[in-house]
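Chemist: predicted model follows, preceded by the sequence.
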Amino acid sequence: MLPLLTRDVHEVGLICQHCNETLVPFEEIPAGAQYDLREWALQYVPVHAVAHWDDRQRKAAGDYDHAYESAADEAEELLARAGRQLAPRLLEFYTAVVWEDQDECLEVRPEDVRL
């Protein structure tokens with residue numbers, strides 16, 4: 001079992017990279033890490049949501065392409081922070097942790113995420 005840190009950590013906790021089942025429910029992650037993970041995940045929610053806007057939301061944004069590109073840029077930064085700060089902090093509690101370094105919905109690939 002290899003814990004995977006994803007943008008859904010606040011809802012599902014750490015999942016198994018191999019089977020996608022929950023390994024560590026969020027409530028069971030040590031309290032010292034929960035706050036930072038929660039804050040990060042809550043910042044990620046509206047960024048990721050841009051990829052799933054309906055027609056009304058896209059029209060309200062004016063320039064959806066710009067909003068989408070901005071969200072992708074922000075996702076890259078947030079994913080890099082997860083790899084640079086959050087995942088290493090989890091190593092205080094778990095022997096190994098991997099983190100999601102892409103967002104397919106925003107077309108962010110691993111090579112786009114700069115640590």
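Modeler: It's in. Numbering: from 1, shown residues only.
Chemist: for the chain, just list every one of the strands.
Modeler: Ranges of strands in the chain, per DSSP state E, are 3-5, 14-16, 22-24, 98-99.
Chemist: can you add mean neighbour count, distance to residue 113 and mean pLDDT and give the ones you listed back as CSV?
Modeler: Any C-beta I mention is one placed from the backbone N, CA and C, and that applies to glycine too. Output for the strands of the chain, formatted as CSV (neighbours: other CB atoms under 10 Å; distance: least, CB to CB, whole Å; pLDDT from 0 to 100):
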stretch, mean neighbour count, distance to residue 113, mean pLDDT
strand 3-5, 23, 13, 96
strand 14-16, 20, 19, 96
strand 22-24, 18, 23, 96
strand 98-99, 19, 10, 96
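Chemist: which among the ones you listed is found nearest to residue 39?
Modeler: Closest to residue 39 of the strands of the chain, according to CB to CB: strand 3-5, at 13.8 Å.
Chemist: what residues does the closest one touch?
Modeler: 14-17, 23-24, 37, 82, 86-87, 90, 94, 96-100 (CB atoms under 8 Å, 6 or more residues apart in numbering).
Chemist: swap in stretch 107-115?
Modeler: For stretch 107-115, contacts defined as CB under 8 Å, 6+ apart pick out 72, 75-76, 79-80, 83-84, 101-102.
Chemist: out of those, who's nearest residue 56?
Modeler: Among those, residue 72 lies closest to residue 56 (CB to CB), at 21.2 Å.
Chemist: burial of that closest one, as a residue count?
Modeler: Close neighbours of residue 72, defined as other CB atoms under 10 Å, add up to 18.
Chemist: and it, how far is that from residue 83?
Modeler: Residue 72 sits at a distance of 17 Å from residue 83 (criterion: CB to CB, to the nearest Å).
Chemist: ditto for residue 102
Modeler: For residue 102 relative to residue 83 (CB to CB), the value is 11 Å.
Chemist: quick one: which of these two has more around it?
Modeler: The neighbour comparison of residue 102 against residue 83 (other CB under 10 Å) goes to residue 83, with 19 against 16.
Chemist: how about the more buried one, what does it touch?
Modeler: Counting by CB under 8 Å, 6+ apart, residue 83 touches 99, 101, 113, 115.
Chemist: for stretch 26-33, C-alpha coordinates in PDB please.
Modeler: C-alpha atoms of stretch 26-33 as PDB (Å, rounded to 0.1, in the frame of the first residue of the first chain):
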ATOM      1  CA  PHE A  26      -8.900  12.400   6.700                       C
ATOM      2  CA  GLU A  27     -10.000  12.200  10.300                       C
ATOM      3  CA  GLU A  28      -7.200   9.700  11.000                       C
ATOM      4  CA  ILE A  29      -4.400  11.800   9.500                       C
ATOM      5  CA  PRO A  30      -2.400  13.200  12.400                       C
ATOM      6  CA  ALA A  31      -3.800  16.600  13.600                       C
ATOM      7  CA  GLY A  32      -0.500  18.300  12.900                       C
ATOM      8  CA  ALA A  33      -0.900  17.700   9.200                       C
END
